[in-house]
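**Q** Below is the structure, and that's it, no one-letter string:
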């Protein structure tokens, strides 16, 4: 009897948990209510079968329990029972599959008026491309992909000149208008998933897959990769911002087109030298860094990374956290650079400075650091030289004391938690694996063994 009671409680308790549990779907923000209905039908069918089987098992335990003198009767076949099982099982499977097929028929038929947006995935980053005023996206090909052309745009296709490029993982879309997402991967399998939209689709290397939806609620929604894509899979996050059409149009007008990016004037080192005089007081005349002034080495660092960090300081994304004492010192210095051209000039001048490796100040267990660095190498490169495509700066030959401080800042929530610091947020997740200062020291001890030139041990 005790077993029968347990089976009944398990069956009915599961039903109560389902209806009373606070954990359920996030509020829907698209037109795909049919997907929720399909899942609800599946819950009802499987829930009914689960309860029926549980109660039937409990009844069998009571009805056919051991009795003195009782005898079992062997019935190897029962056509009546087999027919009932066949019919009921077929009905249950059809009830679960048919609604899904009807929804899938809608998923693959995109409205003709849908706005086309391309989402590009790469370990571990999202970026987007939207058509310009001609309404057409230019062609792309993997052979055109470089650091300067991360989307792989065909330089000979005039339709791509007005394409809008969004290098940030944050995509904005207008409320109430259908959107067709073209999904492309540059490396491995990824998956585009926003829980509130109720649509998800794999991105397959060599193919362009697609899905569509209509945003029905303004707000900011997390984009996740739900296909295990490598060691940084859990940090591959983006954001969808749904806005009123006028607000969206204002955002779109601020984005850079291919033609604008091509016409951008490179920084002027001569002009940057004048502006760098302020920086030199702390970072050194040759950008060599100064530990006494808490100023890291700049020379040799990727220009794209320096440009981004200066803009983050100027925009208040970095250097505003109360515990970031030295970042708060840097913020007013970055503010002396009046505009993007001034930032580009300083970065260009720093790129012209001699690149001498910084003195090492940290010791640790190199073997332990080498094992831990395998995670870092996935983005920063096995030689620690940095990879622009993964938004990971150079590590080897740079100021180890500064990297130690920043790793602790990422780990301890001092840096990387501003909503606009997308890549800092990824780094904060990764830095969490360094659970103490000794682990930080071990990783940096290994980095210090990498020669500045070719990544081989010193």
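**A** Sure, I can see it. Nothing here was measured: the structure is a model prediction, and the numbers come from that model.
**Q** make it CA atoms for all contacts and neighbour counts henceforth
**A** OK.
**Q** Just say helix, strand or coil for residue 209.
**A** The local conformation at residue 209, judged by DSSP: H, G, I helix; E, B strand; the rest coil, is strand.
**Q** How about the contacts made by it?
**A** For residue 209, the contact set (Cα atoms under 8 Å, 6 or more residues apart in numbering) comprises 182, 183, 184, 201, 202, 203.
**Q** how about the residue sitting furthest away from the middle of the chain, secondary structure?
**A** The outermost residue of the chain, judged against the average C-alpha position, is residue 69 (67.3 Å), by Cα atoms, centre = their mean. The three-state assignment at residue 69 reads coil, by three-state DSSP.
**Q** Can you give me the separation between it and residue 370?
**A** In this structure, residue 69 lies at 72 Å from residue 370, with Cα to Cα, to the nearest Å as the measure.
**Q** Same check on residue 101?
**A** 50 Å.
**Q** Show me which of those two is the more surrounded one.
**A** Set side by side, residue 101 and residue 370 give different neighbour counts by other Cα atoms under 10 Å, the larger being at residue 370 (20 against 12).
**Q** Just confirm the more buried one contacts residue 443, I think it does.
**A** Yes. Here residue 370 reaches residue 443: they are 6.6 Å apart, a contact under Cα atoms under 8 Å.
**Q** just to revisit the earlier point, now for the contacts of residue 209, which sits with the most neighbours around it?
**A** For the contacts of residue 209, neighbours were counted by other Cα under 10 Å; the highest total belongs to residue 203, with 27 neighbours.
**Q** check contacts around that residue.
**A** By Cα under 8 Å, 6+ apart, residue 203 lies in contact with 121, 183, 184, 185, 189, 190, 191, 192, 209.
**Q** Find the helix or strand that residue 40 is a member of.
**A** Residue 40 is part of helix 33-63 when elements are defined by DSSP states H and E.
**Q** How far off centre is the next helix or strand after that helix?
**A** Using DSSP H and E, the helix or strand that follows helix 33-63 towards the C-terminus is helix 79-107. Its chain's C-alpha centre lies 37 Å from the corresponding centre of helix 79-107 when counted by Cα atoms, centre = their mean, to the nearest Å.
**Q** on that earlier part again, closest one of the contacts of residue 203 to residue 32?
**A** For those, the minimum distance to residue 32 (Cα to Cα) is 15.7 Å, reached by residue 192.
**Q** Go through the helix or strand of the chain with the lowest mean pLDDT and flag the buried ones.
**A** For the chain, scoring each helix and strand by mean pLDDT, DSSP states H and E identifies helix 258-263 as the least confident one, at a mean of 82. Neighbour-count burial for helix 258-263, with 16 or more other Cα atoms under 10 Å as criterion, is recorded at residue 258.
**Q** how much space is there between residue 236 and residue 305?
**A** 19 Å.
**Q** and what of residue 426?
**A** Between residue 426 and residue 305 the distance is 15 Å, computed by Cα to Cα.
**Q** out of those two, which sits in the more crowded spot?
**A** A side-by-side neighbour count of residue 426 and residue 305, using other Cα under 10 Å, places residue 426 first with 20 against 17.
**Q** Just the element for that one, please.
**A** With secondary structure defined by DSSP H and E, residue 426 is part of helix 422-431.
**Q** Which elements pack onto the helix or strand following that helix?
**A** On the C-terminal side of helix 422-431, the closest following helix or strand by DSSP H and E is helix 437-447. With contacts taken as 3 or more Cα pairs under 8 Å, 6 or more residues apart in numbering; DSSP states H and E, helix 437-447 sits against helix 366-380, helix 400-412.
**Q** The shortest one vs helix 437-447, what angle?
**A** Counting by axes from the mean of the first three to the mean of the last three Cα atoms, to 10 degrees, helix 400-412 lies at 140 degrees to helix 437-447.
**Q** What helices and strands are in contact with helix 400-412?
**A** Secondary structure elements in contact with helix 400-412, counted by 3+ Cα pairs under 8 Å, 6+ apart, are helix 422-431, helix 437-447.
**Q** Could you identify which of the ones you listed is most buried?
**A** Of these, the one with the most neighbours on average (mean count of other Cα atoms under 10 Å) is helix 437-447, at a mean of 22.
**Q** Run the chain-centre distance for stretch 294-313.
**A** Relative to the mean C-alpha coordinate of its chain, stretch 294-313 is positioned 23 Å out (Cα atoms, centre = their mean).
**Q** So what would you say the end-to-end distance of that stretch is?
**A** Start to finish, the residues bounding stretch 294-313 are 16 Å apart (Cα to Cα).
**Q** So for it, mean pLDDT?
**A** Taken as a whole, stretch 294-313 carries a mean pLDDT of 93.
**Q** One more: stretch 384-404?
**A** Computed over stretch 384-404, the mean pLDDT rounds to 91.
**Q** go on, stretch 156-176?
**A** Averaged over stretch 156-176, pLDDT sits at 90.
**Q** Residues contacting it, please?
**A** In this structure, residues lying in contact with stretch 156-176 by Cα under 8 Å, 6+ apart are 125-134, 136-139, 153-154, 214-218, 237-245, 248-249, 251, 255-259, 422.
**Q** mind redoing it with 7 Å?
**A** Around stretch 156-176, the neighbours that count as contacts under Cα atoms under 7 Å, 6 or more residues apart in numbering are 125-133, 136-139, 214-218, 238-245, 248, 255-259.
**Q** State the pLDDT value of residue 453.
**A** Per-residue confidence at residue 453 stands at 49 (pLDDT).
**Q** Would you check how far apart residue 431 and residue 114 are?
**A** In this structure, residue 431 and residue 114 are 40 Å apart, going by Cα to Cα.
**Q** burial count for residue 113?
**A** Applying other Cα under 10 Å, we find 10 residues neighbouring residue 113.
**Q** element containing it, please.
**A** Here residue 113 sits in a region with no helix or strand, counting by DSSP H and E.
**Q** how about the closest residue in space to it that isn't next to it in sequence, what does it touch?
**A** On the basis of Cα to Cα, 6 or more residues apart in numbering, the spatially nearest residue to residue 113 that is not a chain neighbour turns out to be residue 178, at 7.2 Å. Residue 178 makes contact with 114, 115, 213, 214, according to Cα under 7 Å, 6+ apart.
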